[in-house]
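Student: I'll drop the sequence and a predicted model, then ask my questions.
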Amino acid sequence: FAIQAAINAAATPQSRVHIPAGNYRITSRLTLVSNVWIYGDGDGTYLDFSSPADSNDHLFYWSGTNLDDVTISDMRMRGNGLDLGDRSAQGAAVLISGTGAVSRPKVLRCRIERFRFGVNIYSATLVTHPEVRDCGIDACSYTGIQLWGVYGAHAGGNHIDCTRAAIGDGLAGLVGIFTPGSGTNVFTVVDGNHVTGSRYEAINAQGKGTTVTGNTINGSAETGISVEPAQDVLAAGDLVRSTTVAGNTVFDCVGQCIVVRHDPVNTPESVGQVSITGNATSGGNVGIRIGQDESGTSGPFDVSVVGNTCSEHDTIAIRIIKGTRIALAGNVADGVSAGLSIESTSTIVSVTGGSYRGTGASGDGIRIIDSVSHVTVSGPVIHNVGRYGIFITNTANNVQINDHVIIDDQGSPTMVAAVQDESTGSDIHVGNPVPGGRLLAPPSYLSTYYYFATSSQALTTSAALGNTYVRVGPWLVTSALSISRFNAEITSAGEAGS
């Protein structure tokens, strides 16, 4: 009662309420008012809300038509930890729920644990410039931070641990940071957070002009960073647009580290104008996935995937599914099945440079499969794959492959073919590889592309090579070389530099 009385008395501009260090057992909500800064002495100010009179209640709460300039900072808050994460309870450390305008609510430098929501801020109208910064949020069963219907929001520098071992039902919290509401969420910044152990997404970003940068994510059971439309029915043109995902480190997420897709539950709409740049992913099934192959859904459009490093993925490092106007450049990607896979009905896809590798026995550098069309691949480097450097199959059509560098210096076993075209589609054009693109090979070398040797190596090949056919492309002879026998039919010679 004393804390609530102090808050009520402080409802004048720039008022402050100080809660000194100490343990405070609170059993009913504290109702917020405008123009007040409520602050404690760090972890020394401990608000124990573990036995509320109503298990659905919230610690700090406001609901109404207008709220302006309220800040909660520098304290520790603890909930009951009993919610099972099934939406049966609504308890939050901080809930701001407006039917009118809400302006500049802030939660700063707080430690929050064992609630359903850590911080939940939304308005049916608009919340302008909310901030949740530099907080530690642990063991919340649904969402650590949720910002809904916001303009100019900032969630930064927070550490969110979604694991809940021996708390409630023990299931991890669903989402670390959630910004739902595509039509109303505008210019949200999510940066410098560390999120671990979420059951679904570590960061689920919806809205226009959203920036997700410099976050570190690990151990999500589904997705590290997800960019998707709102969970409500979207109006025409009400899509996620102009989103940037850059400079994040995402690792050991079971499903995929970064995904751009339609909302798989409620709407077939998808997203567009997304830039995925300079991220590092490792572990888990997929590094970056653009799209989702489900009937009746729209694929992503106008997406750039540039300068990312995706390593040690269990299936495919980068997947493009049902994408339109997708540009990839300068990525370094390896997965067991493939470095890059362009699938389903994807169309107008360009791949420029980069390095792609499939490390498994049937791994491919780049796969172009299903009924994709209008794909251009220029200047990639593909190194030591298990099967094909570039694999084109199914009904893929209008595919152009040029200036590729396909290197196999792994000895035995070697790749089966540099470029394997099994497509029944039309207009498949495979141009010449870069001259001299293949590295020097060991003397006993199985190749279905071409064989390279130096004068210091034995120049007499043998039956041990086991070649059934050889495709020869232009290449540079780096030293004097003579070929005395080629399929028992052809002899040729070349001088250094020829």
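Tutor: The structure has been received and is ready for your questions. Residues are numbered from 1 along each chain as shown.
Student: for residue 4, helix, strand, or coil?
Tutor: Reduced to three states with DSSP: H, G, I helix; E, B strand; the rest coil, the structure at residue 4 is helix.
Student: thinking it is in contact with residue 31, fair?
Tutor: Yes. Assessed by Cβ atoms under 8 Å, residue 4 is found in contact with residue 31 at 6.7 Å. C-beta: built from backbone N, CA, C; applies to glycine.
Student: what's the overlap in contacts for these two?
Tutor: Common neighbours of residue 4 and residue 31 (criterion: Cβ atoms under 8 Å, 6 or more residues apart in numbering): none identified.
Student: Which residues outside stretch 34-47 are in contact with it?
Tutor: Taking Cβ under 8 Å, 6+ apart as the rule, stretch 34-47 contacts 7, 10-24, 26, 32, 59-60, 66-78, 109, 111.
Student: Can I get it in CSV? Just the C-alpha atoms.
Tutor: Provided in CSV are the C-alpha atoms of stretch 34-47 (Å, rounded to 0.1, in the frame of the first residue of the first chain):
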residue,chain,number,x,y,z
SER,A,34,1.8,9.3,-16.1
ASN,A,35,4.9,11.4,-15.5
VAL,A,36,6.6,9.2,-12.9
TRP,A,37,9.9,7.4,-12.7
ILE,A,38,9.9,4.5,-10.2
TYR,A,39,13.4,3.3,-9.4
GLY,A,40,15.2,1.1,-7.0
ASP,A,41,18.7,0.3,-5.9
GLY,A,42,19.4,-2.5,-8.4
ASP,A,43,19.1,-6.1,-7.2
GLY,A,44,19.0,-4.8,-3.7
THR,A,45,15.4,-3.7,-4.3
TYR,A,46,13.5,-7.0,-4.5
LEU,A,47,9.8,-7.0,-5.3
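Student: quick one: buried residues of that stretch?
Tutor: If you call a residue buried by 16 or more other Cβ atoms under 10 Å, then stretch 34-47 has these buried ones: 34-40, 45-47.
Student: Out of these, which is nearest to residue 347?
Tutor: Within those, the smallest distance to residue 347 is 52.2 Å, found for residue 34 (Cβ to Cβ).
Student: Adding secondary structure and pLDDT, write the buried residues of stretch 34-47 out as CSV.
Tutor: Listed next are those as CSV, based on DSSP: H, G, I helix; E, B strand; the rest coil; pLDDT from 0 to 100:
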residue, secondary structure, pLDDT
34, coil, 93
35, coil, 93
36, strand, 95
37, strand, 96
38, strand, 97
39, strand, 97
40, coil, 97
45, strand, 97
46, strand, 97
47, strand, 97
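Student: Compile those residues into JSON lines and extend it with columns for distance to residue 316.
Tutor: Listed next are the buried residues of stretch 34-47 as JSON lines, based on distance: Cβ to Cβ, whole Å:
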{"residue": "34", "distance to residue 316": "51"}
{"residue": "35", "distance to residue 316": "53"}
{"residue": "36", "distance to residue 316": "52"}
{"residue": "37", "distance to residue 316": "50"}
{"residue": "38", "distance to residue 316": "49"}
{"residue": "39", "distance to residue 316": "49"}
{"residue": "40", "distance to residue 316": "48"}
{"residue": "45", "distance to residue 316": "49"}
{"residue": "46", "distance to residue 316": "47"}
{"residue": "47", "distance to residue 316": "47"}
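Student: shaky segments in this structure?
Tutor: Low-confidence segments of the chain (pLDDT under 70): 82-90, 182-183, 230-240, 262-269, 294-297, 411-413, 432-498.
Student: those helices in it, which residues are they?
Tutor: 2-9 (DSSP state H).
Student: Parallel or antiparallel, list what pairs with the longest strand seen in it.
Tutor: Across the chain, the longest stretch assigned as strand under DSSP state E is strand 117-128. Here strand 117-128 is paired, per DSSP bridges, with strand 92-98 (parallel), strand 101-103 (parallel), strand 143-151 (parallel).
Student: got the contact list for the first one?
Tutor: Residues outside strand 92-98 that contact it (Cβ under 8 Å, 6+ apart) are 32, 49, 58-67, 70, 72, 77, 79, 102, 105, 107, 110, 112, 115-125, 127, 130.
Student: what does the longest one give?
Tutor: For strand 143-151, the surrounding residues in contact (Cβ under 8 Å, 6+ apart) are 112, 117-130, 132, 137, 153, 155, 158, 160, 162, 173-181, 184-188, 195, 207.
Student: one step back: quick one: buried ones out of the contacts of stretch 34-47?
Tutor: Counted by 16+ other Cβ under 10 Å, those give 7, 10, 15, 17, 19, 24, 26, 32, 59-60, 67, 69-78, 109, 111 as buried.
Student: so of those residues, which ones are in strands?
Tutor: Reading strands off the buried ones among the contacts of stretch 34-47 with DSSP E, I get 15, 17, 24, 60, 67, 70-73, 76-78, 111.
Student: Contact partners for residue 15?
Tutor: Taking Cβ under 8 Å, 6+ apart, we find residue 15 in contact with 35-37.
Student: partners of it in the sheet?
Tutor: According to DSSP bridges, the partner residues bridging residue 15 are residue 36.
Student: on that earlier part again, output the strands paired with strand 117-128 in CSV; the columns should cover distance to residue 398 and mean neighbour count.
Tutor: Below are the strands paired with strand 117-128 laid out as CSV (distance: least, Cβ to Cβ, whole Å; neighbours: other Cβ atoms under 10 Å):
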stretch, distance to residue 398, mean neighbour count
strand 92-98, 52, 26
strand 101-103, 51, 20
strand 143-151, 43, 26
